[in-house]
Structure formats: structure tokens, C-alpha cells
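Q: only geometry, no sequence info:
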Ligand code: 5AD
């Protein structure tokens, strides 16, 4: 009765929260299983950022709740942002849910499951759903455990070592963008102590992790109330410097930043910290000054482009991705045209394009002048087309070049291997399992919109990892 399956919706922060819950549950004796058909407990870790994400999770929960008819002991829990956003109101649609746990209470999940289990074992009927969506001081410090697979788990004998890890550095956001539900679902901005984050990264490095992605809703604001700038260096860049010093960590990434946080200290960090990968996710949201103002985004299109140019001045080969919302209330054709123009000028490698979705309780929900679905769809398609062309152009440039790839493990087929370039492009190639966790030179042979395919350049493997190895890996 202790097999738990966790299904995660939404962003990397949610993925990280689910991983921490999995680690905490395993420490309590629960088994985390990959199959939702073979679990006794199903936890949906949810997203609220758009209405569609909430509806998807509600549909799934309604579907899964049927299982309780056949098996009354089956436990269904809803965690995370939608739990926080909707709370007890979820019971109107989902009366059979056992557990509703918000974003500041993930660490309570093991206790709640233990309680449910104990009650069932004692034959006590559970009348009420457990609902906990309270705020908790210090909850940002509870997302720290990592779920590193163990031998024998899920029936497998071999363990694929973990190569990359997400590290939560902060929770919440104080920016109040007019469209965004996150301040409601994640609460006020709270940072973890720098020493704790560095200790966690050291531990991960000692376990073989090579790439760290620092995570938060607004990472560039990290520690701004807790630490002083030193010599013009912000607390966020100080944190990157400290992670950079850790032996064994080869690559550092972060998400999500705010354009406002890209001051000179961060731009210069790309020039002096070689482990900081030349890939920046820089949410633009809109290329129209009027819409940016209505969104309560404190920068102009000129400033945004200046940031992109300043980063490319430090690293000519910088890769950019972005978030765009099309169809924000009142967005005219001319204003969208400005977004299109800036989108084209920035030459993104990747972009997440969203059709504006009304989130009740946010300022934009009451703005009126909503844009029709057809117009949103059209604007979405225009930007996707530019993105596809960028991708094809980039692939053509990469053909025949050699990229540094960090080998992560087997690909989906289990026959080949997967890894990513410093620019965050996924690559597929043939390799030996011994190369997992190593930086390898890969000659790019072809590319699809999102994936590159190539062949290892074997002579370069040892040099890239700075070690002489004997015997050399054979294939
Ligand atoms: N509608 C559409 N997209 C949204 N995002 C946030 N709120 C909304 C909304 N109401 C997008 C933003 C943000 C990303 C995570 O989701 O682009 O950067």
C-alpha cells in the first residue's frame, strides 16, 4: 500500500518540488513508481499559470478518482499551485480527493500520507479531505532533498548516475505582472541562505552531478533583502560565483530571471565565469512599450534589446530563449507587429509562446477589451513560424561543427544517448554508457527543429574533461 506515483504539470520549479516530495517520501519508506496503473497513491503536482493547465489537471483527477469506487483505499492528492489557487473549492468538482496541499506545505505530504494510511489500517473511515494551503515562514528552505535513483529500484539493477540537478534558491515573486497568478500561488519572494544552497550543490557534486540549474520564480532578485552588493556584484551573481568554485560542477544555468536583473555585473559574469553556460532565458512578454506598461513590466523594448546586445557583446555565441504572451487585453495589430519585429531581431533559439489566458484575481482579468481566440491563434502562428525558421538557420550553421555535449544518459529508445550543448540544444548520438556524466565533443550531422544528431569525436573526450584516462573509452 505504499506505492506512490507523482504526475507533474507545468514548470521546472514544479518538477523540482515533485522531486523533493519523492525524496521525502522515499525516506519515509514509500516507493516511488513510474506507472500510474500500479500505484496506491497518486499525487498530481499542478500548475495554474493558464486556465488550460488547471483544466487538464482537473480532468485527470476526475478520471483517476473513479478508481476509488473499485478501491476505496486508493489515495488521490492534489499538490502545488492549483491546490494553492483553488483550495477547498476544488471539492465542488472533485469531491473524492483525499489531500489538497499548497506550495508552502510540500514537506508535510509524508505526514499526511502516514496519517491517511494509519487511519485506514485502523479501519477508521476518512470523512474529510485534508486541506493545507497555509503560508509557512521558512518554507523556501524545505525544497532541498534530491531523489537520486537507487540500485534495484523499480526492478532495475543498474543505476544511471544523475548528471544534472535543479536547485531551488528562492520561492515566490513580488513583481506583480498584471497577467500573472504566481504571486498568489507562490507567495512573497523568499530566498534561501546562500551557504545552504552552496552546501547542497557541493553534495550534488560529490554524488557526480555535473550541471546545476539554479531555480526560482525570479532568480535575478535572489537575496536582495538578505545580502549586500559587494563591489557592485549582486547577491545572485555572488551565488553563481560560489557555485562556480565547486570542484566537479562543470556547467551552471538558471531560470527564470527578469530583464530588470540583467545589470552589468551579470553580463560581465558571462565573460569571466566559464562554467556559466551561454544560454539565457530572457522573458520578453511583449515588444510594445504600451503593452509592457499595461503588463506592469518595468522595461521598454529598447532596454530589452540593449540587454540582448550587451550579452552578445560579452559572448557572441549567446543563445537566447524567451516567453511571449500574445493577445494581452487591448493588444492591437500594430502592437503585435512590434512584438513580431523585436522577436525577429533577437534571433531566439527557443521560445515559449502563450495565448493570453484570463486568471481571475489578477489585474489583467478586469481590463476588458479581451482579444478573440482567432486573433490569438494567428499571432501565435506568426511567431512560431519565425521560431521554426530561426531553428533551421541555426541548425544549418551548426552542421559540421563540433559542440561540447554533456552526456546525460540513454535516450527514449534506450538504444542511443542524449545530452545537451552549452546552448541547451538536445543532442542524440551513439556512445558508451561509461561516458555518462562526461563532456564530449560531438560533430553535428543533422538537426530537426528541436534536436541535433551527431557523432562523437573520440580523440577529444579526455581533453574536455581535463584528465588522462587509461585505457581510453572504447566503442
Ligand atoms: N496567460 C498566458 N500566459 C501567461 N504566462 C503567465 N501568465 C499568463 C497568462 N495569464 C506566461 C508568461 C510567463 C510564463 C511562465 O507563462 O509568459 O513568463
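A: Done, it's in. This structure is a prediction, so every number in the text was calculated from the model and none was measured.
Q: ok, then the element right after the top helix by length along the chain?
A: When the chain is parsed with DSSP state H, its longest helix is helix 373-398. Remark: after helix 373-398, the chain's next helix or strand is strand 402-410, criterion DSSP states H and E.
Q: now for whichever helix or strand comes after that following strand, which elements pack on it?
A: From strand 402-410 onward toward the C-terminus, using DSSP H and E, the following helix or strand is strand 417-421. On a contact count with 3 or more C-beta pairs under 8 Å, 6 or more residues apart in numbering; DSSP states H and E, strand 417-421 meets strand 402-410, strand 426-429, strand 439-447. Every C-beta, even on glycine, is put in place using the N, C-alpha and C of the backbone.
Q: which of those sits closest to the ligand?
A: For the ligand, the closest of the helices and strands packed on strand 417-421 is strand 426-429, at 20.3 Å, according to C-beta to the nearest ligand atom.
Q: for the ligand, what's its nearest residue on the stretch 151-300 of the chain.
A: residue 179 (4.1 Å).
Q: residue 295 is in contact with that residue, correct?
A: Yes. Taking contacts as C-beta atoms under 8 Å, residue 179 lies within contact range of residue 295: 6.1 Å.
Q: quick one, which of the two is more surrounded?
A: Using other C-beta atoms under 10 Å as the criterion, residue 179 and residue 295 rank with residue 179 on top: 26 against 21.
Q: helix, strand or coil for the more buried one?
A: Under DSSP: H, G, I helix; E, B strand; the rest coil, the three-state class of residue 179 is coil.
Q: now it. Nearest residue, chain neighbours left out?
A: For residue 179, ignoring the flanking residues on the chain, the nearest one in space by C-beta to C-beta, 6 or more residues apart in numbering is residue 364 at 4.6 Å.
Q: neighbours of the one you found, just the number please.
A: 22.
Q: now do residue 148
A: 16.
Q: now do it, the pLDDT please.
A: With respect to pLDDT, residue 148 scores 81.
Q: flag every residue of the chain that's near the ligand.
A: For the chain, the residues in contact with the ligand (C-beta under 6 Å from any ligand atom) are 49, 50, 179, 180, 283, 285, 323, 325, 354, 356, 357, 359.
Q: got the contact list for the first one?
A: Meaning residue 49. With contacts defined as C-beta atoms under 8 Å, 6 or more residues apart in numbering, residue 49 is in contact with 10, 11, 81, 180, 181, 182, 357, 359.
Q: picking up where we left off before, residue 71 versus the residue of the stretch 151-300 of the chain closest to the ligand, what's the distance?
A: Residue 179 is 41 Å from residue 71, where distance means C-beta to C-beta, to the nearest Å.
Q: likewise residue 276?
A: For residue 276, the distance to residue 71 equals 50 Å [C-beta to C-beta].
Q: more neighbours: which of the two?
A: More crowded of residue 276 and residue 71, by other C-beta under 10 Å: residue 276, with 23 against 9.
Q: quick check: chain neighbours aside, which residue is closest to the more buried one?
A: Per C-beta to C-beta, 6+ apart, closest to residue 276 is residue 252, 5.1 Å.
Q: about what we covered before: which among the residues of the chain next to the ligand end up buried?
A: Using 16 or more other C-beta atoms under 10 Å as the burial test, the residues of the chain next to the ligand include 49, 50, 179, 180, 283, 285, 325, 354, 356, 357, 359 as buried.
Q: helix or strand right after the strand or helix carrying residue 290?
A: Assessed by DSSP H and E, residue 290 sits inside helix 289-294. Using DSSP H and E, the helix or strand that directly follows helix 289-294 along the chain is helix 301-314.
Q: who does that following helix touch, helix- and strand-wise?
A: Helix 301-314 packs on helix 264-272, helix 333-346, going by 3+ C-beta pairs under 8 Å, 6+ apart.
Q: pLDDT on the following helix or strand past the shortest one, on average?
A: Looking back up the chat, that one is helix 264-272. As assigned by DSSP H and E, the chain's next helix or strand after helix 264-272 is strand 279-281. The pLDDT scores in strand 279-281 average 97.
Q: which single residue of the stretch 201-350 of the chain ends up nearest the ligand?
A: Residue nearest to the ligand within the stretch 201-350 of the chain (C-beta to the nearest ligand atom): residue 323, separated by 3.3 Å.
Q: least trustworthy helix or strand in the protein by mean pLDDT?
A: Every helix and strand in the chain was compared by mean pLDDT, DSSP states H and E; the lowest is helix 461-464, with a mean of 66.
Q: if we can go back for a sec, got any residues that touch both of residue 179 and residue 295?
A: Common contacts of residue 179 and residue 295 (C-beta under 8 Å, 6+ apart): 285, 325, 328, 364.
Q: what's the nearest residue to the third one once chain neighbours are set aside in contact with, if anything?
A: This points to residue 328. What sits nearest to residue 328 in space, not counting adjacent residues and going by C-beta to C-beta, 6+ apart, is residue 356, at 4.9 Å. By C-beta under 8 Å, 6+ apart, the contact set of residue 356 is 179, 325, 326, 327, 328, 329, 331, 364, 371, 376.
Q: where's residue 356 relative to residue 255, distance?
A: 22 Å.
Q: which one is residue 430 nearest to, not counting chain neighbours?
A: According to C-beta to C-beta, 6+ apart, the nearest residue to residue 430 is residue 416 (5.7 Å).
Q: typo on my end, it should be residue 223
A: residue 235 (3.3 Å).
Q: wait, doesn't the one you found sit right on residue 225?
A: No. Residue 235 is beyond contact range of residue 225, at 9.2 Å (criterion: C-beta under 8 Å).
Q: among these two, which residue is more densely surrounded?
A: Higher neighbour count among residue 235 and residue 225: residue 235, with 20 against 10, using other C-beta under 10 Å.
Q: in contact with the more buried one, which residues?
A: Contacts of residue 235 were listed using C-beta under 8 Å, 6+ apart, and they are 191, 194, 222, 223, 224, 226, 227, 228, 229.
Q: just the buried members of the residues you listed?
A: Buried by 16+ other C-beta under 10 Å: 191, 194, 222, 223, 224, 227, out of the contacts of residue 235.
Q: helices - which of the residues you listed land there?
A: Residues of the buried ones among the contacts of residue 235 located in helices (DSSP H): residue 194.
Q: the residue located most distally from the centre of the chain sits in which helix or strand?
A: No residue in the chain sits farther from the centre than residue 123, which is 40.7 Å out by C-alpha atoms, centre = their mean. Assigned by DSSP H and E, residue 123 falls within no helix or strand.
Q: cool, and residue 239?
A: Assigned by DSSP H and E, residue 239 falls in helix 235-244.
Q: quick one: that helix to helix 264-272, angle?
A: Put simply, helix 235-244 runs at 20 degrees to helix 264-272, going by axes from the mean of the first three to the mean of the last three C-alpha atoms, to 10 degrees.
Q: oh, and call the first residue 30 from now on, that's how I've got it
A: Sounds good: first residue 30 from here, last item helix 264-273.
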